[in-house]
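1. I would like to see how this sequence folds:
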Amino acid sequence: MQILGIIPARYASTRFPAKALVDIGGKSMIQRVYEQSSKATQLNQVIVATDDERIYDHVESFGGKAIMTSSVHQSGTDRCYEALTKTEGKFDYVINIQGDEPFISPEPINNLAEELDGSIELATLVKIIDSEDILFNVNVPKAVLNKRREVLYFSRQTIPYLRGVETGNWLEKHTYYKHIGIYAYRVDVLAEITKLEVSSLEKAEALEQLRWLENGYSIKAVVTSDDSHGVDTPDDLERVTRRFLS
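-> Next up is the predicted model:
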């Protein structure tokens, strides 16, 4: 399989403008994401897809590869598709790597890529939940899987609801999964899902991936032991910097 890793990177982040260029221990966030992603041996190429010349120039300055994309895209998925159409070479899959995880490990990227066999339409990562704080946090999307490790549903709520069981015992009675927002798209499916209208389930939960499920696409879940450490705010930046660089 020929697999292209794409890191979508916007400049005008609502909660943390210019976070792609923020300095983290002498390197920008986007440089750290790029360098970590490039260590994933299952990727044939890694590029940054951006809508801002400052990010583009910066990526090129440290030896990375960047593609300029439109500023009107509503999601990283849409930006990935435009970047794919502008990248030379033929690829079977695209992996969308979050541009705000400066300390991402290459291992979960490899784990996701190793599952891609041509029959899988879409794939993503999940992690077993071992904390009630995560289990009942509506800001953390959860995934419900079938026996084939395909996603049945994503929700911000804690599902399934365990009837007749005290909530403090739910983790003992059922395996719950946290969704880790890295996606793999087969290239023909990527072209199709970018043409889909926003769906009712997507609007309800504010989760883009529900649009794909609602339209009948299959999403393979790959279980990882690595957690996500995204940076959405300056407070997040302080937290992850303390964790990884102190």
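2. Could you break the protein into its assigned domains?
-> 1-104, 121-178+187-228 (the TED database).
3. could I get these as TSV with mean pLDDT, mean neighbour count and distance to Asp235?
-> To be clear about C-beta, it is placed using only N, CA and C from the backbone, and glycine gets the same treatment. Output for the domains of the chain, formatted as TSV (pLDDT from 0 to 100; neighbours: other CB atoms under 10 Å; distance: least, CB to CB, whole Å):
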stretch	mean pLDDT	mean neighbour count	distance to Asp235
domain 1-104	95	19	10
domain 121-178+187-228	97	15	14
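4. which one of those lies closest to Arg243?
-> Closest to Arg243 of the domains of the chain is domain 1-104 (CB to CB; 7.9 Å).
5. if we can go back for a sec, now render the domains of the chain as a markdown table, adding distance to Thr241.
-> Supplementary listing: the domains of the chain in a markdown table, determined by distance: least, CB to CB, whole Å:
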| stretch | distance to Thr241 |
| --- | --- |
| domain 1-104 | 6 |
| domain 121-178+187-228 | 16 |
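6. which one of those domains lies closest to Glu115?
-> Among the domains of the chain, domain 121-178+187-228 comes nearest to Glu115, with 5.2 Å by CB to CB.
7. centroid residue for the protein?
-> Nearest residue to the geometric centre of the chain (CA atoms, centre = their mean): Ile182, 2.5 Å.
8. Verify the contact between that one and Gln98 for me.
-> Yes. Ile182 is within contact range of Gln98, at 6.5 Å (criterion: CB atoms under 8 Å).
9. I'd like to know which elements whichever strand or helix holds Arg54 is packed against.
-> Secondary structure from DSSP states H and E places Arg54 in helix 53-61. Under the contact definition 3 or more CB pairs under 8 Å, 6 or more residues apart in numbering; DSSP states H and E, helix 53-61 sits against helix 29-38, strand 45-50, strand 66-68.
10. List every C-alpha atom in it, with coordinates, as CSV.
-> The C-alpha atoms that make up helix 53-61 are tabulated as CSV, following Å, rounded to 0.1, in the frame of the first residue of the first chain:
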residue,chain,number,x,y,z
GLU,A,53,1.9,31.3,3.5
ARG,A,54,3.6,31.8,6.9
ILE,A,55,3.1,28.2,7.7
TYR,A,56,4.0,27.1,4.2
ASP,A,57,7.2,29.1,4.3
HIS,A,58,8.1,27.8,7.7
VAL,A,59,7.6,24.2,6.8
GLU,A,60,9.8,24.6,3.7
SER,A,61,12.4,26.4,5.8
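11. Can you tell me the SS state at Asp188?
-> helix (DSSP: H, G, I helix; E, B strand; the rest coil).
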